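> model the structure of this input:
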Amino acid sequence: MKGPELLRPGKSRLVFFGGKGGVGKTTCALATALRWAREDPDAPLLLVSTDPAHSLADCLAGGSPPRNLHVEEPDAAAELAAFRARHGDQLHEIGRRGTFLDDSDIDRFLSLSLPGLDELMAVLALSRQLSAGHYRTVLVDTAPSGHTLRLLAMPPAMRQWLDLLDTLSAKHRYMKEVFHGSYAPDAPDRFILDLAAELETLEQLLRDPDRCRFVPIALAETLVLEETLDLVRALHAAGIATPELIINRLHPDHPCPTCRAVRAEQSECLARYASALQGIGYLWGLPVQPQEPRGIKALAEFWDEVTPIDRSFDFLSSSPATAQLPVRVAAPGPYPGPDQRLLIFCGKGGVGKTTLACATALHIAATEPHRRTLLFSSDPAHSLSDCLRVPVGAPVGPKPVALSQGLAVMEVDAQAELAAMRSAYSQELRSFFTRLSSNLDFTFDRRVMEQLLDFAPPGIDEIAALARALVFLREGDYDRFVLDAAPSGHLIRLLELPGLLDDWLQAMFELLLKYKDTLGVPRFGRRLVQLSKDLKFLRGLLRNRDQAGLVLVAIPTALALQESRDLVAACRAAGLQLQHLFLNLLTPAGRLGCAHRLTPNGECPRCAAQARRDKTLAETFQATFPATPQTRIYRGDPPRGLAALTTLGAAGFRSDK
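Predicted coordinates:
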């Protein structure tokens with residue numbers, strides 16, 4: 001093959017670009033769309049972003065795409081509002097039909113955010129566009145892996161919601177047949193059937209390799225490949241084709257110590273995952289760009305240097321072994337204050353949040369072993385275990401596991417937490433209806449009440465998981481809590497959830513109180529009361545600037561700068577203040593002591609140019625967040641193991657506490 005198949009427009013109608021945050025998904029998607037539009041100017045194309053933190057416009061840098069390419073950054077909340085406006089009457093009518101609950105009870109739950117519907121609306125809209133023939137192909141710039149997997153799991157979740165709507169209508173249909181002898185489907189029934197048909201069409205499209213493909217984008221880094229392979233396995237389990245994998249930002253064969261060190265690390269990493277990569281069709285490599293690929297011209301040239309990757313990965317091994325290149329840290333920041341209880345590490349995907357969260361937690365534990373610290377991940381694609389790379393006596397999971405003196409680590413499966421809540425509620429409800437009467441048939445009412453949790457807002461699983469960890473902080477089991485947060489867009493949604501969940505909990509409390517003599521689920525009620533207390537504790541903690549703080553991790557790119565601005569603004573709106581900025585992966589500049597392809601000053605021209613750009617962007621970061629201490633971390637061998645991470649953590653903070 002002369003180049004990736006994805007560069008040749010063919011039968012594929014829907015093409016996803018995905019992977020871990022920060023690997024270049026947006027760049028690859030936009031560069032591919034521009035290439036297709038240029039090669040076939042009569043073919044209408046649509047490029048959309050499903051990432052809550054959109055960056056297509058930033059990547060275009062003010063440039064205008066060709067007339068046959070429509071670029072869109074949809075507002076998922078607006079899609080949901082439009083859905084409600086179009087179908088509010090049908091939803092209201094369905095709600096009136098089903099149970100002993102009255103109109104106001106059902107209407108209130110229907111008015112709350114439906115589970116994943118805002119995200120799914122965007123993908124359903126794409127399916128409709130393709131079915132209507134408005135575009136030959138739709139290309140999708142997806143959110144980071146964990147968010148994307150949740151999105152692709154939405155059709156089955158949506159079926160649960162439709163099942164609830166159908167259950168609400170089932171009693172109405174049954175009564176009509178009993179008393180009138182027949183029943184003809186009406187508008188609410190057609191609404192349910194039409195939406196179910198749309199979901200079926202979407203699922204068929206996703207599982208058709210001739211019409212749909214997913215292009216994973218990765219870097220030759222351990223954490224990235226781990227997450228990418230997990231994503232590929234999940235996609236294959238869902239029947240979604242991944243015929244090609246792009247390895248982005250491969251370093252050149254050059255005597256520069258930085259280039260050599262990174263290249264050797266990339267070669268070792270790819271060789272380590274050679275067997276796992278065998279299950280993917282074609283592997284393609286893209287070199288690291290001398291400049292950040294932004295704007296129409298740079299994007300038009302982006303694919304010019306793509307090359308096939310030999311699965312032996314010998315092409316990366318031409319450079320002889322070199323001495324290690326240590327990570328260098330400049331301008332360490334202030335050590336967390338004595339009252340600091342919660343540190344949230346946040347930022348764009350792929351900037352090093354997990355590494356720096358682990359390093360900071362280890363440093364805190366080493367500095368204050370008498371205090372207890374809990375390191376926790378709220379990212380759906382957990383990577384604490386991969387980053388720490390040490391056996392800790394038991395798998396890292398939903399219970400704190402001791403890592404070192406004064407430090408424990410914890411990862412919670414958010415969806416499992418919600419499933420446990422559903423199961424406990426359903427068991428208690430079934431027991432109640434069984435005791436209620438053996439002579440009365442409450443089949444329809446029981447099914448509706450069992451499915452009522454399907455109206456819980458999206459993200460209740462993550463809040464439940466976070467609350468499970470925060471209970472250790474509230475009850476004094478731990479003194480400090482270091483949170484490795486999900487990438488920017490996901491964190492913004494997480495910070496918005498407490499208010500939304502308050503509304504849902506209030507609706508549930510009013511329902512349980514209203515029917516306290518009819519509906520007996522006391523254990524579930526107590527669990528909701530506890531969740532409400534957990535939310536109150538979380539919101540109070542986030543608004544206390546002495547006890548909670550935001551640690552922003554960024555890299556020196558224009559896209560990361562823009563996303564950092566948006567993230568910090570959203571966090572401030574939630575009452576959370578920025579306390580520290582780690583600017584990671586800056587390029588070190590210096591003399592090389594040899595004359596092979598160097599600048600007159602004896603520097604690697606690629607690294608020298610990158611170092612100058614990094615310096616300019618670091619100054620822009622400082623001007624953007626002038627009151628925030630900014631620690632600069634220069635690229636070197638990735639810190640591995642507890643000792644290296646502890647050393648990095650110590651270098652990132654001033655020694656005076």
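
> neighbours of Thr628, how many?
For Thr628, the count of nearby residues is 18 (other C-beta atoms under 10 Å). Any C-beta I mention is one placed from the backbone N, CA and C, and that applies to glycine too.

> and Leu124, how far from Glu292?
Relative to Glu292, Leu124 is positioned 34 Å away (C-beta to C-beta, to the nearest Å).

> the two: who's more crowded?
Set Leu124 next to Glu292 and count neighbours by other C-beta under 10 Å: Leu124 wins out with 21 against 18.

> do you know how far the more buried one is from Thr222?
Counting by C-beta to C-beta - Leu124 and Thr222 are separated by 36 Å.

> Phe83 and Leu91, how far apart?
Computed as C-beta to C-beta, the Phe83 to Leu91 distance reads 10 Å.

> show me the protein divided up by domain.
Using automatic domain parsing, the domain ranges for the chain come out as 5-78+119-316, 328-412+471-495+538-651.

> how about those domains, which one is nearest Met508?
Among those, domain 5-78+119-316 comes nearest to Met508, with 15.2 Å by C-beta to C-beta.

> so where do the strands sit in the stretch 51-200 of the chain?
69-72, 137-141 (DSSP state E, counting those that start in this stretch).

> most packed of those strands?
Of the strands of the stretch 51-200 of the chain, the one with the most neighbours on average (mean count of other C-beta atoms under 10 Å) is strand 137-141, at a mean of 24.

> tell me the strands beside that one, with direction?
Strand 137-141 has the following strand partners under DSSP bridges: strand 14-18 (parallel), strand 45-49 (parallel).

> give me the residue ranges of the stretch 101-250 of the chain where confidence is low.
101-120, 122, 146-147, 150, 153, 157, 164, 168, 171-172, 174-184 (pLDDT under 70).

> could you measure from Leu151 over to Val140?
For Leu151, the distance to Val140 equals 10 Å [C-beta to C-beta].

> so Asn248 bridges to which residues?
Beta-bridge partners for Asn248, by DSSP bridges, are Leu219.

> quick one: residues contacting it.
Contacts here follow C-beta atoms under 8 Å, 6 or more residues apart in numbering; on that basis Asn248 touches 23-24, 28, 217-219, 286.

> I'd like the residues you listed as CSV, with neighbour count appended.
Output for these, formatted as CSV (neighbours: other C-beta atoms under 10 Å):
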residue, neighbour count
Val23, 27
Gly24, 22
Cys28, 26
Ile217, 24
Ala218, 27
Leu219, 23
Leu286, 23
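
> from the middle of its chain, how far away would stretch 222-239 be?
When C-alpha coordinates are averaged (C-alpha atoms, centre = their mean, to the nearest Å), stretch 222-239 and its chain have centres 14 Å apart.

> repeat for stretch 273-289
For stretch 273-289, the distance to the chain centre is 23 Å (C-alpha atoms, centre = their mean).

> any idea of the mean pLDDT for it?
Mean pLDDT, stretch 273-289: 85.

> need the contact partners of that stretch.
Stretch 273-289 has contacts (C-beta under 8 Å, 6+ apart) with 1, 3-5, 24, 216, 225, 229, 232, 236, 242-252, 270, 298, 302-303, 305-309, 311-313, 606.

> how long is that stretch end to end?
The first and final residues of stretch 273-289 sit 24 Å from each other (C-alpha to C-alpha, to the nearest Å).

> what residues sit buried inside that stretch?
Across stretch 273-289, burial judged by 16 or more other C-beta atoms under 10 Å covers 273, 277, 280, 283-286, 288-289.

> spit out the contact partners of Phe345.
353-354, 356-357, 360, 482-485, 551, 553.

> which of those lies closest to Ser431?
Leu483 (37.2 Å).

> now that closest one, what's its secondary structure?
Recorded secondary structure, Leu483: strand (DSSP: H, G, I helix; E, B strand; the rest coil).

> what residues are bridge-paired with it?
In beta-bridge terms (that is, DSSP bridges), Leu483 pairs with Ile344, Phe376.

> ok, back up a step: go through the strands of the stretch 51-200 of the chain and name the closest to Pro629.
When the strands of the stretch 51-200 of the chain are compared by C-beta to C-beta, strand 137-141 sits nearest Pro629, at 33.2 Å.

> list the contacts of the closest one.
In contact with strand 137-141 (C-beta under 8 Å, 6+ apart) are residues 9, 12-17, 25-26, 29-30, 32-33, 36, 43, 45-51, 55-56, 126, 129-130.

> helix or strand with the lowest mean pLDDT in this protein?
Least confident helix or strand of the chain, by mean pLDDT, DSSP states H and E, is helix 443-450 with a mean of 58.

> export stretch 240-248 to PDB, keeping only CA atoms.
These are the backbone C-alpha positions of stretch 240-248, laid out as PDB (Å, rounded to 0.1, in the frame of the first residue of the first chain):
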ATOM      1  CA  ILE A 240     -16.600  -2.000  15.100                       C
ATOM      2  CA  ALA A 241     -13.800  -2.400  12.600                       C
ATOM      3  CA  THR A 242     -10.300  -0.900  13.200                       C
ATOM      4  CA  PRO A 243      -8.400  -1.800  10.100                       C
ATOM      5  CA  GLU A 244      -5.500   0.700  10.600                       C
ATOM      6  CA  LEU A 245      -3.600   2.200  13.600                       C
ATOM      7  CA  ILE A 246      -1.700   5.500  13.400                       C
ATOM      8  CA  ILE A 247       1.400   5.900  15.600                       C
ATOM      9  CA  ASN A 248       1.900   9.700  15.800                       C
END
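
> would you map the helices across the stretch 351-500 of the chain?
Along the stretch 351-500 of the chain, counting by DSSP state H, counting those that start in this stretch, helices occupy 353-367, 384-388, 414-436, 443-450, 460-474, 488-514.

> and the first one, what's its mean pLDDT?
Right, helix 353-367. The predicted model gives helix 353-367 an average pLDDT of 93.

> elements contacting it?
strand 342-346, strand 373-377, helix 384-388, strand 401-404, strand 407-411, strand 480-484, strand 548-554, helix 641-651 (3 or more C-beta pairs under 8 Å, 6 or more residues apart in numbering; DSSP states H and E).

> for Gln577, which of those is the nearest?
With C-beta to C-beta as the criterion, Gln577 lies closest to strand 548-554 of the helices and strands packed on helix 353-367, at 6.3 Å.

> just the buried residues of the helix or strand following the closest one, please?
Next helix or strand after strand 548-554 toward the C-terminus (DSSP states H and E): helix 558-573. Neighbour-count burial for helix 558-573, counted by 16+ other C-beta under 10 Å, picks out 558-564, 566-568, 570-571.

> re earlier: mind putting the strands of the stretch 51-200 of the chain into CSV with distance to Ala365?
What follows is the strands of the stretch 51-200 of the chain, written out as CSV (distance: least, C-beta to C-beta, whole Å):
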stretch, distance to Ala365
strand 69-72, 46
strand 137-141, 39
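
> looking at those strands, which is nearest to Val396?
Using C-beta to C-beta, those put strand 137-141 closest to Val396, at 31.1 Å.

> please export the C-alpha coordinates of the closest one as PDB.
Provided in PDB are the C-alpha atoms of strand 137-141 (Å, rounded to 0.1, in the frame of the first residue of the first chain):
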ATOM      1  CA  THR A 137     -19.100  10.700   4.500                       C
ATOM      2  CA  VAL A 138     -19.200  11.900   8.100                       C
ATOM      3  CA  LEU A 139     -15.800  12.100   9.900                       C
ATOM      4  CA  VAL A 140     -15.900  12.200  13.700                       C
ATOM      5  CA  ASP A 141     -13.300  13.700  16.000                       C
END
